[in-house]
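Trainee: sequence first, then the predicted structure:
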Amino acid sequence: MRIAIIGAGMGGLAAASLLADDGHDITIFDQFDTPKPLGSGLVIQPVGQQVLAEIGALDRATTLGNRVTHMLGLEAKTGHRVLDVHYDLNDPNAYGLAIHRAALFDALWHAMKTRTTITLQSASAVTSVRQDTDSVEIFTRTNDIYGPFDLAIDASGAGSPLSPLAAKPLSYGAIWGTVDWPQTDIPHHHLSQRYVAASHMIGVLPIGQMPGDPTPKAAVFWSMPSGAYDTWLTNGWSAWKTQATALWPALAPFLDQITDPAQMTMARYSHGTLNRPYNNRLVHIGDAAHRASPQLGQGANMALLDASALAKALKTRPLQQAFPAYVRARKLHTKIYQAMSWGFTPMYQSDSRLLPLLRDKMLFPASQIPPIPNLLTSLVCGTMVRPTGRL
């Protein structure tokens, strides 16, 4: 088939490689002159790593990224543990691959470029599609028309102009930045976090290196209400640095590298799902199909898994059967992680005074009683249920 993919992000590039391997002719549309990622660090969980391996991107991603084996969060004022999850409880070789979005993009891009049946249409911001029973055409902001294609895959993320998803904005987001990894006692194989009740969450994620730069990097983040960014700018980033390092002194060598508020980017989150993420010959994957808080670190993994499930469905079924099969394959896994993110997020990012007490006094002690540690490990690794059903 001739397939159009809208968006050269994680899900779009993965889908392009997987579908090209099955003999399809792929055209990727992206609005940038040179496609590039936005954002800071993330964690590719074991289920996402399997998809990277399928398309030949895992080795490069692993070389650039950093293996995380432990998630540890402490209450900032007392030092008490409130999050403690080990990756290797169920599989001694399991780890989270912490990586900058630019490095992950680089690995996916290099894998995609080895496929000769993939064409990139850059500087093409897709605004709409026109479908009939047999084909779909792509319309761009510059009034260009491309096609006909046999199907179109919307992988253009949370800002998709094609998705009808009306997601609910979440009350808390976070500012993110990337700095060099300094001399520090913070472990290089931990996702380390500190909390002040649920009103502040501070984190450091060792994310390996950027393409072309061997210097080890770290992603630093600080949670705040979604509408508080302008106030943060008004109050001054210097005051914020003083506040953050007072809560967590070991953070000082990371924050000393931030000399301009522009180094920190505000990320806002939302929650929602398309129950039927397809229409005739258009199908949505990733954030264009479902969104959730990044509390469990599953966003990029969900896009990779969607791409894998869709490719497998198209490989084994006619088109009109493949879309429903893709939805069935991903439905349970997606719903579980959305529900868990919805439930966990207010424990760590909210104005509630009761929920962090419940987290610290009841939920965390209970989480250390077997077999709950193993269940939490499977939850973080993405293996609690089959990520692509029976496909």
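Mentor: Arrived safely.
Trainee: and stretch 143-159, what's buried?
Mentor: 146-158 (16 or more other Cβ atoms under 10 Å). For glycine as for every other residue, the C-beta is placed from the backbone atoms N, C-alpha and C.
Trainee: same deal with stretch 95-112?
Mentor: 95-109, 111-112.
Trainee: what does stretch 371-382 give?
Mentor: Buried, per 16+ other Cβ under 10 Å, within stretch 371-382: P373, L376, T377, S378, L379, V380, C381, G382.
Trainee: quick one: the fourth one from G9, how far?
Mentor: This points to S378. Using Cβ to Cβ, to the nearest Å, S378 is found at 27 Å from G9.
Trainee: OK, contacts around L72?
Mentor: Counting by Cβ atoms under 8 Å, 6 or more residues apart in numbering, L72 touches R81, L83, D84, H190, L191, S192, Q193.
Trainee: do you know how far the first one is from L74?
Mentor: In this case it means R81. Taking Cβ to Cβ, one finds R81 at 6 Å from L74.
Trainee: sorry, back to before: nearest to T140 among the buried residues of stretch 371-382?
Mentor: Nearest to T140 among the buried residues of stretch 371-382 is G382, at 35.0 Å by Cβ to Cβ.
Trainee: distance check, that closest one against D22.
Mentor: 24 Å.
Trainee: now swap in T178 and tell me
Mentor: In terms of Cβ to Cβ, T178 sits 36 Å off from D22.
Trainee: do you know the pLDDT at the closest residue in space to C381 that isn't next to it in sequence?
Mentor: Once flanking residues are discounted, C381 sits nearest to P46: 4.7 Å by Cβ to Cβ, 6 or more residues apart in numbering. Looking at P46, its pLDDT reads 96.
Trainee: one step back: T178 and D22: who's more crowded?
Mentor: Comparing T178 with D22 by neighbour count (other Cβ atoms under 10 Å), the higher total belongs to T178, at 22 against 12.
Trainee: with adjacent residues omitted, what lies nearest to that one?
Mentor: Closest to T178 by Cβ to Cβ, 6+ apart is S40, at 5.1 Å.
Trainee: so where is this structure shaky, pLDDT-wise?
Mentor: 35-36 (pLDDT under 70).
Trainee: what are the buried residues along stretch 227-235?
Mentor: Applying a neighbour-count criterion of 16+ other Cβ under 10 Å, the buried positions in stretch 227-235 are Y229, W232.
Trainee: ok, now stretch 358-374?
Mentor: So for stretch 358-374, counting by 16+ other Cβ under 10 Å, buried means R359, D360, L363, F364, S367, P373.
Trainee: pick out the most distant pair among these.
Mentor: Checking the buried residues of stretch 358-374 with Cβ to Cβ, the most distant pair is D360 and P373, at 17.3 Å.
Trainee: okay, now R141: neighbour count?
Mentor: R141 - counted by other Cβ under 10 Å - has 13 other residues nearby.
Trainee: who's in contact with it?
Mentor: Per Cβ under 8 Å, 6+ apart, neighbours of R141: Q31, A125, V126, T127.
Trainee: can you tell me, leaving aside adjacent residues, what's nearest to I372?
Mentor: Spatial nearest neighbour of I372, chain neighbours left out: A366 (6.4 Å); criterion: Cβ to Cβ, 6+ apart.
Trainee: can you tell me the SS state at that neighbour?
Mentor: helix (DSSP: H, G, I helix; E, B strand; the rest coil).
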